[in-house]
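J.: any chance you can model this:
(2 chains)
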Protein chains: 2
Amino acid sequence: MLDIDQHDHATLVILEQELAARFATLKASGLALDLTRGKPSSEQLDLADALDGVLQGNYRDASGTDLRNYGGLDGIAEAKALFAPLLQAPAANVMVGGNSSLSMMYQALLYCMHFGLSGPASAWSKSGPVKFICPVPGYDRHFTACIHLGIELLSVPLTGKGPDMDAVEALIDADPAIRGIWCVPRFSNPTGEVYDAATVDRIAALGKRAHKDFRVFWDDAYAVHAFDAAAPTLPSLWSACEAAGTTDSVLLFGSTSKITHAGAGVAFMAASGSNLAAIREHLGFSSIGPDKVNQMRHVRLLRDAAGLRAHMDKHAALLAPRFAAVLKALEQGLAGAGMGEWLRPQGGYFVSFDARPGLAREVVRLAAEAGVKLTPAGATFPYGRDPADRNIRIAPSFPSLQDIKAAMEVFVVCVKLASVRQKLG
Amino acid sequence: MLDIDQHDHATLVILEQELAARFATLKASGLALDLTRGKPSSEQLDLADALDGVLQGNYRDASGTDLRNYGGLDGIAEAKALFAPLLQAPAANVMVGGNSSLSMMYQALLYCMHFGLSGPASAWSKSGPVKFICPVPGYDRHFTACIHLGIELLSVPLTGKGPDMDAVEALIDADPAIRGIWCVPRFSNPTGEVYDAATVDRIAALGKRAHKDFRVFWDDAYAVHAFDAAAPTLPSLWSACEAAGTTDSVLLFGSTSKITHAGAGVAFMAASGSNLAAIREHLGFSSIGPDKVNQMRHVRLLRDAAGLRAHMDKHAALLAPRFAAVLKALEQGLAGAGMGEWLRPQGGYFVSFDARPGLAREVVRLAAEAGVKLTPAGATFPYGRDPADRNIRIAPSFPSLQDIKAAMEVFVVCVKLASVRQKLG
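T.: Numbers count the residues shown, from 1 in each chain, chains lettered A, B, ... in the order given. Coordinates of the predicted model:
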């Protein structure tokens, strides 16, 4: 395909007419498709349906504890052992909670902000304005959790191998108000990139140059979520921190939301002994313990690392064709057209598309008009403001393959139409 | 039995020797018993073991929603309908959450304190010191949740029919910093008393005389937990508030922790439309939704009001003999002895015992020495300080009947020994 910048005016006019006609036809076909949410499909959820009944009347753990009763603030030993390798951290540093890693992250953020992880004086709110670094594009719920707690957000670009660490380090050196950074290190939401070893090492080293109460919020939401066997692995942040002597500066999070049942899974975190002690202390004021029965359901279903891998392979088999359909549509429709750029993720839940500057909102608007719901433009940036108005997050996990194909046909037409109209001015 | 105050010195000396000898014998017998925690026994937990597997592969609610996936911030309709009668509030005003009403109450308290239920300016922390009224003796985790959030606690006595409302109203009229009151209205923890209609009406009316952001925290933890069919019912706070026009001033909480599995149940709350909207808004920053699958497990197990009643009758059959054993031991050992007072609860999880002033700590210490663990003296008062050092909470639900009898024998001897020694000076 010829690059849009090489078309003459007359060609653009004809193109616009053709595209407007195709758009009108698509619109008239009455589609109602949705590419907005990173939700597992029903088929993926089916994979874990054995959860209900998996205990077969055995409600005790290996140590004989009655899992039905109160207690056990930081989760059961078997679940810690199962999920520790996923975070690449020692089981002794893991705690396992309820159904939501978002809740766990918010709670940790709340404790840092108002209560302190190293005594009351270490509460961030005690020392003036608090700022967080947000690699962009990123996950809107990370941003809004900070905003709800009164934390200011500073963007740094992602590079394809993680955050631009020169920018991160320069910000930290320049601004003593910075208390944290959000990271989705493997199959980043939405770019799908995996942080490389150099980036992980530099993130582990931040604890040495940042404020003593600085914390990396490491949301490893897609740790085992490759759908391409050749996907890069993520180096262990924990090991890098051990080498750097900075384990106190990181909090690692994960969950089974995209492993078993999205709304009825198990969340977990890893942290240093001193961070865990502080979190347990604060958590003890609002909880007597998580749902240990559901934790044991997960242990009995997934069993061990091999069981987890086998389970994730089944997810991959369902996700791979969906992502292939998105990428094929983009390639066939837009490769070489100068109308946008995208990465080819090998795991995770999203394809991140960058339209020509100034067009994300318009593409989303056009798609909605033609019956295809996309994540609102700007959602992947702090305060919902994408400065270049370029980034669109495509989430193909939930719809059927047929719906994805239909939606992507609309998407490509909308991108082309918006691009050509922009060129025409 | 003769009242201790009527014994002469010589009799007291002989009594002390007899009791010290019995105490030594009990101590030597190497008991290891525990009357500390309001935990259901294994037999009670067994009653709900059908929860695991109860869905039989049907993970959809009546509206067809896939309960396995994300979403539904305030719980499923079927669970709201099931639990609304328990709180005596309309299902439309109910939200259903995760496994812990303590977490739900803490969260509501946090929102009131830092974020406001009527816009940011209504956050309690914005207007200077914040105080809460605590009827005593009460539940330590209510007190500590407030303390963690920086809320000061003011005690008012319970009367046997609820808080001393003259004292409550006088405090509210005198101190504009008061923003709430904790209530456990049926089978209060630990006294077991049930608030009567006049008290409920006066609590409903507090919204008219208190600060506009004042909230009653109504922890109806034992709403359906009578073990004596003649136990008084609790008038509906919601109806009283509707009559008084004060529904915005109350937040009602409950859970299935002492209905199904203590650590793996479902918590719920009722509130006015405007309170619920604010809570949902704040909650949306930290949660995508509760575990809807576990909510549906509870719906399928308990079904409806009749199913719930039948289930609670089975609990009553297990609890009644345990409480009878405690009360029989107190009566046979201490009636008329002038060594303590207690109420005869008809439901709930506790027997509240008031020793002679200044002896609660000593009784708990002696019992521990003889191998019987009791809740620390003072735990039922704010800041752990029982001004009269009298109150001891006895929790007989968890141990076996045989263990309760053995523990109560020790308890009675400890009360007598401490009392006689106090008289001897």
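J.: check what pLDDT the residue lying closest to A:D304 once chain neighbours are set aside gets.
T.: With sequence-adjacent residues excluded and distances taken as CB to CB, 6 or more residues apart in numbering or on different chains, A:D304 is closest to A:L82, at 6.8 Å. Every residue, glycine included, has its C-beta placed from N, CA and C. Looking at A:L82, its pLDDT is 98.
J.: A:M1 now?
T.: What the model reports as pLDDT for A:M1 is 65.
J.: residue in the stretch 101-250 of chain A nearest to chain B?
T.: A:Y106 (3.5 Å; CB to the nearest CB).
J.: which residues sit in contact with that residue?
T.: When contacts are counted by CB atoms under 8 Å, 6 or more residues apart in numbering or on different chains, A:Y106 touches A:A145, B:F285, B:S286, B:S287.
J.: I'd guess the last one is in a strand, am I close?
T.: No: residue assignment for B:S287, taken from DSSP: H, G, I helix; E, B strand; the rest coil, gives coil, which places it outside any strand.
J.: that one and A:L102 touch, don't they?
T.: Yes: between B:S287 and A:L102 there is a contact at 6.4 Å, judged by CB atoms under 8 Å.
J.: mean pLDDT per helix and strand in chain A: which one sits at the bottom?
T.: Scoring the helices and strands of chain A by mean pLDDT, DSSP states H and E places strand A:33-34 at the bottom, with a mean of 94.
J.: hey, C-alpha coordinates of the strand or helix carrying A:A198 in CSV?
T.: Counting by DSSP states H and E, the element that carries A:A198 is helix A:197-209. Presented in CSV, the C-alpha positions along helix A:197-209 are these (Å, rounded to 0.1, in the frame of the first residue of the first chain):
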residue,chain,number,x,y,z
ALA,A,197,17.1,-7.3,31.7
ALA,A,198,18.8,-3.9,31.5
THR,A,199,15.5,-2.2,32.3
VAL,A,200,14.7,-4.6,35.2
ASP,A,201,18.2,-4.0,36.7
ARG,A,202,17.7,-0.2,36.5
ILE,A,203,14.3,-0.5,38.1
ALA,A,204,15.8,-2.6,40.9
ALA,A,205,18.5,0.1,41.3
LEU,A,206,15.9,2.9,41.7
GLY,A,207,15.7,2.1,45.4
LYS,A,208,19.2,3.4,45.8
ARG,A,209,18.6,6.8,44.2
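J.: so the residue nearest to A:D304 belongs to a helix, correct?
T.: Yes: according to three-state DSSP, A:L82 belongs to a helix.
J.: count of neighbours near it?
T.: 25 (other CB atoms under 10 Å in any protein chain shown).
J.: for it, what are its contacts?
T.: Contacts of A:L82 by CB under 8 Å, 6+ apart are A:H298, A:V299, A:L302, A:R303, A:D304, A:L308.
J.: again, only using 10 Å
T.: Taking CB atoms under 10 Å, 6 or more residues apart in numbering or on different chains, we find A:L82 in contact with A:76, A:91, A:94, A:96, A:256, A:266, A:268, A:295, A:298-299, A:302-305, A:307-308.
J.: next step: those restricted to helices.
T.: Counting by DSSP state H, the part of those found in helices is A:Q295, A:H298, A:V299, A:L302, A:A305, A:G307, A:L308.
J.: from those residues, which are also near chain B?
T.: A:Q295 (CB under 10 Å from any CB of the partner chain).
J.: in PyMOL, select just the buried ones from the ones in helices among the contacts of A:L82.
T.: Buried residues among the ones in helices among the contacts of A:L82 (16 or more other CB atoms under 10 Å in any protein chain shown), as a PyMOL selection:
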select buried, chain A and resi 295+298+299+302+308
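J.: tell me the SS of A:F323?
T.: Classified using three-state DSSP, A:F323 is helix.
J.: picking up where we left off before, need the ones in helices among the contacts of A:L82 in TSV (columns: pLDDT).
T.: Shown next, in TSV, are the ones in helices among the contacts of A:L82 (pLDDT from 0 to 100):
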residue	pLDDT
A:Q295	98
A:H298	98
A:V299	98
A:L302	98
A:A305	95
A:G307	98
A:L308	98
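J.: farthest pair in the ones in helices among the contacts of A:L82?
T.: A:Q295 and A:A305 (16.9 Å; CB to CB).
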